[in-house]
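J.: Below are the sequence and a predicted model; questions follow.
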Amino acid sequence: MLACILGCFFLNSFSQTTNYAINNDGTGFVQTSTIINELNGLAEATVQIWIKPVEWVKGAQLYNQSNLIMELGENRSLIVKAGTSSVTCTPEIALNTWSQLTMVYDNGTVKLYVNNELKETTGTLPAILPDAVHTCYIGKNFKGQIDEIRVWKKALEQKDFFWNNTLNKFNPNYDTLVSYWKCDQEQCENLVDYQFAHHGIINNLQRVVVEDNAVMRYRIVTGYTNLMRFTDRGNINRDMFLMTNDLILLSAKVQQDGSLFPEYPDNSAVPVNVSYLDEFEGHKGVMDFHGIGSKMVAEDGRAPFDPTERFGCGTPNVATVSGWIYIDKWVEGAGIFSNYQDEDNCMIIKLGQETNKEIVVDFCGTIATLKNQVEVGKWHYLSVCFKPSEGEITGRRFNPIFISVDYVIHDKISSKTVELSGKDMTIKVVPVFANSTITLGDNLDGKLDEVMVWGSDRSGSAKNDAENGYQWNIGSWNNIFLNAYWKGDDPENIGKDSQSYIGMIEFIRNYYAGHRGMKIRMGIIYPDGEKWKWGVLNKEEYLDNMINDAKKLLTYCDGLDVDLEWMYSSSDWTIYNHVVKRLIDEVMAGHRDTKTFSCSLHKVSYGGFDKAMINDVDFFTFQLYGPNKETYYWEYYPEAYNWFINYGFPKD
């Protein structure tokens, strides 16, 4: 039975938005699978439970662990027992109404709280609890509903009750929580203890949805982030994400032509004559290219770039392409990596002449050649760093291309192992290759693994990148400059770009594996304040671009959030309302049952929203700050809430 309960928990645990309780007609009960010994010999304990009695049954046991019992007494009284002693309280608990009980035991003294209010008690218990001899019963002979049961090995202070909220691992007393039965695992036939200590076996009880407890409501908890922040902020870890069930990624940047740039564009490549290998020579998840005709192609290649730029793909000062390569057969001219717009705008890494085992790099017409550093039939870690600067290929200090093989850096000046040829260089930054095509492994007879493109210098990080790969959400500013990442680990999508917005959404979803009810929305923002109103989304052809891109983004997320800011005049609101109306009519149409649409407003700019569209928006978020730096006090927030409600925004 215990294994069955555990299996159900792992499959179905979630921070849900639907609250469940267990319902008893008086004939059922929960019996724990093990004895709760954690309270044996203790001088402190706390038991918490929500109840909704439909009939007051004397002797009904809310909680019975033989050494500590809470039961119903005569005349609507509550009785707490330990050994031969008892404490009585008459708290005036109403029938057919939810009430939360917190019983605090401290060296024989019992305090009983109902809905966080202390009630008068008579009697005392032993200074130390006796040992439990039986398994625990919950709800035996009780008629009504029970929810949110907790047992602590500590006498909690009132400030730590969390009586009208659920618990998580950030609770200050979590290490003293013995058992926690939320009653929410409706797909499990038994009662899960979220502490994995004392699961309960359900006997003749039913789970029911709680719709009448206004004090203990499960809510949508929204969190904001963007993909660049997700990439570099390690203190916002998985546990933090799990405290939300609604996530807005502020990463759909409106461009100056109205199009949407999703912060990290998708460079997923379509494989042609490329196979997935689960394992090869110590590498797991490998891209296997089969010679002439093999390749992986990303038609709209956008890498490298500088992600810190406000608009589009910024031009980085330096770029790096790196990854593992295993050559089965030397094919002269076979490509390893290529981003090609034309011969003056390209980054190409390929195999040269077999005689000298050449690695050839073409950077916008400047050619670098490295000889006799790679072998057939062996894994090598190859990293090429592009450092553009104006100069002649014969110049003594001209050194724009660094080629690292197995963590040894080769260049023209220091190692003198790189030969330069081709054109002199006139560029000072790495170009943004507009409308270019990224190709991996063109005609390659061999394997690639963990291929990365960076908008930064990784020449000194080759060993770390090779041995550790790339790690998201660990707290590293340098990580934001990874532009594309072909891991080759997905047999269903071998050319997947894991560093794209699509790949990162999938990564975040995996944080919630086994959880249900979580949604991710893309937030539509303008990177330059309120200028979207002037010369951008006030132009219909530019708005057309946004609508078309929003349709594409919607296929990869659970909805959209409009976070365009600072509407002050009627003309501002006319533009904003038109944008929202087109999104509702053209993008969200046909998806209202499966996707979420929201608008994010401010206290300083909310009063011009078209009231006729309020019912077409799933919900509104209100940002109570800015645009000026001010200090706000508590009264500001309920005041703002009342303003919103009085305007016509719904309470729920």
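T.: In hand now; what should we look at?

J.: which residues of the stretch 1-150 of the chain fall in helices?
T.: In order along the chain, the stretch 1-150 of the chain carries the following helices (DSSP state H, counting those that start in this stretch): 2-12.

J.: and what of the stretch 151-300 of the chain?
T.: 227-232, 238-241.

J.: which stretch in those has the least confidence?
T.: Averaging pLDDT over each of the helices of the stretch 151-300 of the chain singles out helix 227-232 as the lowest, with a mean of 75.

J.: residues making contact with stretch 459-467?
T.: 320, 322, 324, 381, 383, 385, 402, 404, 407, 409, 450, 452, 458, 478 (Cβ atoms under 8 Å, 6 or more residues apart in numbering). Backbone N, C-alpha and C define where each C-beta goes, glycine included.

J.: Among those residues, give me the pair with the biggest separation.
T.: Within the contacts of stretch 459-467, Trp324 and Asn478 form the most distant pair, 20.4 Å apart (Cβ to Cβ).

J.: more neighbours, these two?
T.: Neighbours were counted for Trp324 and for Asn478 using other Cβ atoms under 10 Å; Trp324 has more, 19 against 13.

J.: Which pLDDT does the model give that one?
T.: Taking Trp324 on its own, its pLDDT is 98.

J.: wait, isn't Val47 in contact with Val110?
T.: No - applying Cβ atoms under 8 Å as the test, Val47 and Val110 come out as separate, 10.4 Å apart.

J.: Spell out which residues are contacts of both of the two.
T.: Met103.

J.: rewinding a little: which among the helices of the stretch 151-300 of the chain is found nearest to Pro527?
T.: Within those, the stretch nearest Pro527 is helix 227-232; the backing value is 11.6 Å (Cβ to Cβ).

J.: quick one: average pLDDT of stretch 544-552?
T.: Along stretch 544-552, the predicted confidence averages to a pLDDT of 98.

J.: sorry, that was for stretch 371-382
T.: The model assigns stretch 371-382 a mean pLDDT of 98.

J.: Please report the separation between the first and final residues of that stretch.
T.: Across stretch 371-382, the straight-line distance between its terminal residues is 13 Å, by Cα to Cα, to the nearest Å.

J.: Please apply the same query to stretch 84-92.
T.: 25 Å.

J.: do stretch 272-289 as well
T.: Distance between the boundary residues of stretch 272-289 (Cα to Cα) amounts to 9 Å.

J.: As a check, name the ranges of all strands in the stretch 501-650 of the chain.
T.: In chain order, the stretch 501-650 of the chain shows strands spanning 519-525, 559-562, 596-602, 619-623, with DSSP state E, counting those that start in this stretch as the criterion.

J.: tell me, which of those is the model least confident about?
T.: When I compare the strands of the stretch 501-650 of the chain, strand 619-623 is least confident, with a mean of 89.

J.: Name the residues that touch that strand?
T.: For strand 619-623, the external contacting residues (Cβ under 8 Å, 6+ apart) are 220, 222, 248, 561, 596, 598-603, 606, 640-641, 644, 649.

J.: for stretch 314-321, same thing?
T.: By Cβ under 8 Å, 6+ apart, the surrounding residues in contact with stretch 314-321 are 304-308, 337, 347, 349, 383-388, 429-432, 451-459, 481.

J.: Show the buried residues in the residues you listed.
T.: A residue is treated as buried here by neighbour count (16 or more other Cβ atoms under 10 Å); on that basis the buried members of the contacts of stretch 314-321 are 304-307, 337, 347, 349, 383-388, 430-432, 451-459, 481.

J.: Show me the protein divided up by domain.
T.: In the assignment given by the TED database, the structural domains of the chain cover 20-209, 223-260+504-647, 265-494.

J.: Reformat these as a markdown table; add distance to Val215.
T.: What follows is the domains of the chain, written out as a markdown table (distance: least, Cβ to Cβ, whole Å):
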| stretch | distance to Val215 |
| --- | --- |
| domain 20-209 | 5 |
| domain 223-260+504-647 | 18 |
| domain 265-494 | 35 |
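
J.: any idea which of those scores lowest on pLDDT?
T.: When these are ranked by mean pLDDT, domain 223-260+504-647 comes last with a mean of 91.

J.: how long is that domain end to end?
T.: For domain 223-260+504-647, the end-to-end distance is 25 Å (Cα to Cα).

J.: list the contacts for the residue nearest to the spatial centre of the chain?
T.: Centre of the chain computed as the mean C-alpha position; nearest residue by Cα atoms, centre = their mean is Ile508, 3.5 Å away. Ile508 sits next to Phe230, Phe241, Leu247, Ile520 when contact means Cβ under 8 Å, 6+ apart.

J.: any idea how far it lies from Lys496?
T.: Using Cβ to Cβ, to the nearest Å, one obtains 15 Å as the distance from Ile508 to Lys496.

J.: same deal with Asp212?
T.: Separation of Asp212 from Lys496 (Cβ to Cβ): 47 Å.

J.: again with Asp288
T.: When distances are taken as Cβ to Cβ, Asp288 and Lys496 turn out to be 16 Å apart.

J.: got it, and Asp616?
T.: Asp616 sits 35 Å away from Lys496 when distances are taken as Cβ to Cβ.

J.: now the strands: where do they sit in the stretch 201-350 of the chain?
T.: Counting by DSSP E, counting those that start in this stretch, one finds strands in the stretch 201-350 of the chain at the ranges 206-209, 222-225, 246-254, 260-261, 270-272, 274-280, 283-290, 295-301, 319-329, 335-342, 345-351.

J.: So in that sheet, which strands flank the third one, and in what orientation?
T.: Strands flanking strand 246-254 in the sheet, each with its direction: strand 222-225 (parallel), strand 260-261 (antiparallel), strand 519-525 (parallel) (DSSP bridges).

J.: buried set for the first one?
T.: So that's strand 222-225. Quick answer for strand 222-225 (16+ other Cβ under 10 Å): Thr222, Tyr224, Thr225.

J.: can you redo those residues as JSON lines with distance to Leu440?
T.: Below are the buried residues of strand 222-225 laid out as JSON lines (distance: Cβ to Cβ, whole Å):
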{"residue": "Thr222", "distance to Leu440": "38"}
{"residue": "Tyr224", "distance to Leu440": "35"}
{"residue": "Thr225", "distance to Leu440": "30"}
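
J.: Distance check, the residue of the chain positioned farthest from its centre against Gly41.
T.: Relative to the centre of the chain, and counting by Cα atoms, centre = their mean, the farthest-placed residue is Thr84 at 51.9 Å. According to Cβ to Cβ, Thr84 and Gly41 sit 17 Å apart.

J.: what bridges to the residue lying closest to Ile494 once chain neighbours are set aside?
T.: The spatial neighbour of Ile494 that comes closest, neighbours along the chain excluded (Cβ to Cβ, 6 or more residues apart in numbering), is Tyr276 at 4.8 Å. Per DSSP bridges, the residues bridged to Tyr276 are Met287.

J.: Could you double-check that Tyr276 lies in contact with Gly495?
T.: No - proximity of Tyr276 to Gly495 does not meet the contact threshold set by Cβ under 8 Å, at 10.0 Å.

J.: Need the overlap of contacts for these two.
T.: Counting by Cβ under 8 Å, 6+ apart, the contacts common to Tyr276 and Gly495 are Met287.

J.: Neighbour count: those two, which is higher?
T.: Counted by other Cβ under 10 Å, Tyr276 and Gly495 do not tie: Gly495 has more neighbours, with 19 against 16.

J.: how close does the more buried one get to Lys329?
T.: When distance is defined by Cβ to Cβ, Gly495 is 22 Å away from Lys329.

J.: Next: Asn64.
T.: Asn64 sits 75 Å away from Lys329 when distances are taken as Cβ to Cβ.
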